[in-house]
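A.B. asks: below are the sequence and a predicted model for it; my questions follow.
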Amino acid sequence: MVNYEFPEIDAFRFFKKRILNKKIKIKKINLSWLLNIKSKGNRWKEYHNKGGGMMFNYVCHTIFYMEFLFGKIISIKSNIYKNKKNISSLNSVICFKSGLLAKLNTKVFSKNFTNKPIHQLKILTDKDIYLLRSEVNSLSDQFEVIKINRIRSKKRFLFKKNSNKMDFRISPTFKNSKKFSHWILKGKSQKPNFFDAQRIHLVIDQMFRSSKQGKEIHIE
């Protein structure tokens, strides 16, 4: 329960409340999470077959917060690339119950690759581009929200990232821990929960199925 912390990050809640809830007319959704993993030895988190790797360590989070932001996923078409040791890239087209479509691009690069790491959700409307983004050079990199006018190319920061060096996961994980404690003490269910995790792994299973069969898969 405490692991799915992204919807409790202040920038994510700002993005949902102050932008998405204004009923903006979305034309395109693109999510890119490019990672440069610096290996720290033979840890389970680095390997898909041990319950870690790109899908279970990163993509699981994007599935959870994409449904938090845009609603239930009803279909998915994916292409998953696996090198000799691990899964290194995922490209998916996601369809939501609302009719919105999103492109998801996740890649893990070696330490020698020149691409800059980024975690960015990009929303295109008729007039503006909205970015929810963070550099991911370290766990202290915070998220920010930017609005760009497509006509005048004018950039404005709607939510500025913190300058502190604290791990960005601490505050939202603490919030989830408090909800978990409240559930135990008061008996009132909270989110995220076990059933949310089941759903995330259902979607991941269908991503693998889609990639293997080379077709779009509908999700109940």
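C.D. replies: Thanks, I have it. Remember, predicted model here, so these are calculated numbers, not experimental data.
A.B. asks: residue nearest the centroid of the protein?
C.D. replies: With distances taken as CA atoms, centre = their mean, the residue of the chain nearest its centroid is residue 62 (2.4 Å).
A.B. asks: let me know the pLDDT of residue 22.
C.D. replies: Residue 22 carries a pLDDT score of 85 in this model.
A.B. asks: for this protein, which spans come out with low pLDDT?
C.D. replies: When residues are selected by pLDDT under 70, those of the chain lie in 2, 38-41, 85, 110-113.
A.B. asks: could you pull out the helices for the protein?
C.D. replies: Counting by DSSP state H, the chain forms helices over residues 10-18, 53-54, 60-70, 170-186, 194-213, given from the N-terminal end onward.
A.B. asks: and the ones you listed as a markdown table, adding distance to residue 107?
C.D. replies: All C-beta spots, glycine's among them, are computed from the backbone N, C-alpha and C. As requested, the helices of the chain are exported to a markdown table (distance: least, CB to CB, whole Å):
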| stretch | distance to residue 107 |
| --- | --- |
| helix 10-18 | 22 |
| helix 53-54 | 8 |
| helix 60-70 | 13 |
| helix 170-186 | 24 |
| helix 194-213 | 15 |
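A.B. asks: and residue 154, which of these is closest to it?
C.D. replies: In this view, the helices of the chain are compared for proximity to residue 154 by CB to CB, and helix 10-18 is the closest at 18.4 Å.
A.B. asks: tell me what the closest one is packed against?
C.D. replies: helix 60-70, strand 128-134, strand 144-149, strand 155-159 (3 or more CB pairs under 8 Å, 6 or more residues apart in numbering; DSSP states H and E).
A.B. asks: could I get the ones you listed as a markdown table with distance to residue 29?
C.D. replies: Formatted as a markdown table, the entries for the helices and strands packed on helix 10-18 read as follows, by distance: least, CB to CB, whole Å:
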| stretch | distance to residue 29 |
| --- | --- |
| helix 60-70 | 7 |
| strand 128-134 | 10 |
| strand 144-149 | 15 |
| strand 155-159 | 18 |
